[in-house]
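Undergrad: this is a predicted model, with the sequence first.
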Amino acid sequence: MDTTYYDHGTQTERWERARMFFDAKDYAAAARVLDGLVEEVPEQTGPRLLLARSYYHSAQLGRAEGELRVIVERDPVEHYARLMLGRTLQRQGRHEEAEPHLRLASALAGDFEEN
């Protein structure tokens with residue numbers, strides 16, 4: 001497959017292109033753009049999180065899980081990545097494994113149950 005369009009431009013241009021694809025709900029195209037971008041800037045959370053979200057919305061749950069695990073390993077208090085990881089695991093039918101991530105995401109977001 002020719003990926004020239006997806007790889008063309010500066011990092012900023014590709015980030016903006018990926019956001020446009022994501023906003024247009026073309027998650028597979030967003031993932032194609034973001035895949036190369038994440039390889040170039042693996043330390044940045046933003047592109048990796050959007051890549052994980054693109055994978056999630058395009059039902060590439062194993063890939064989404066992999067990206068989300070990288071994020072939470074690097075930044076254990078990244079609450080949105082925890083939430084997404086929990087939801088990704090739920091969507092795969094792994095509810096028990098999802099629960100700790102969802103509880104932690106809720107606590108990190110300040111959502112505490114009132115007694």
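TA: Arrived safely. Predicted, not measured: the structure shown is a model, and the values here were computed from it. Numbers count the residues shown, from 1 in each chain.
Undergrad: low-confidence stretches in the protein?
TA: When residues are selected by pLDDT under 70, those of the chain lie in 1-3, 112-115.
Undergrad: now do the helices in the chain.
TA: Along the chain, counting by DSSP state H, helices occupy 4-7, 11-23, 27-40, 45-57, 61-74, 79-91, 95-108.
Undergrad: now what about the first one, what contacts it?
TA: In this structure, residues lying in contact with helix 4-7 by Cβ atoms under 8 Å, 6 or more residues apart in numbering are 14, 17, 29, 32-33, 36. C-betas here are computed from N, CA, C, even on glycine.
Undergrad: filter these down to the buried ones, ChimeraX style.
TA: Here is the ChimeraX command that picks out the buried ones among these, judged by 16 or more other Cβ atoms under 10 Å:
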select :14,17,29,32,33
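Undergrad: can I get the contacts of helix 4-7 in a markdown table including distance to H101?
TA: Output for the contacts of helix 4-7, formatted as a markdown table (distance: Cβ to Cβ, whole Å):
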| residue | distance to H101 |
| --- | --- |
| R14 | 29 |
| R17 | 30 |
| A29 | 28 |
| R32 | 27 |
| V33 | 27 |
| G36 | 28 |
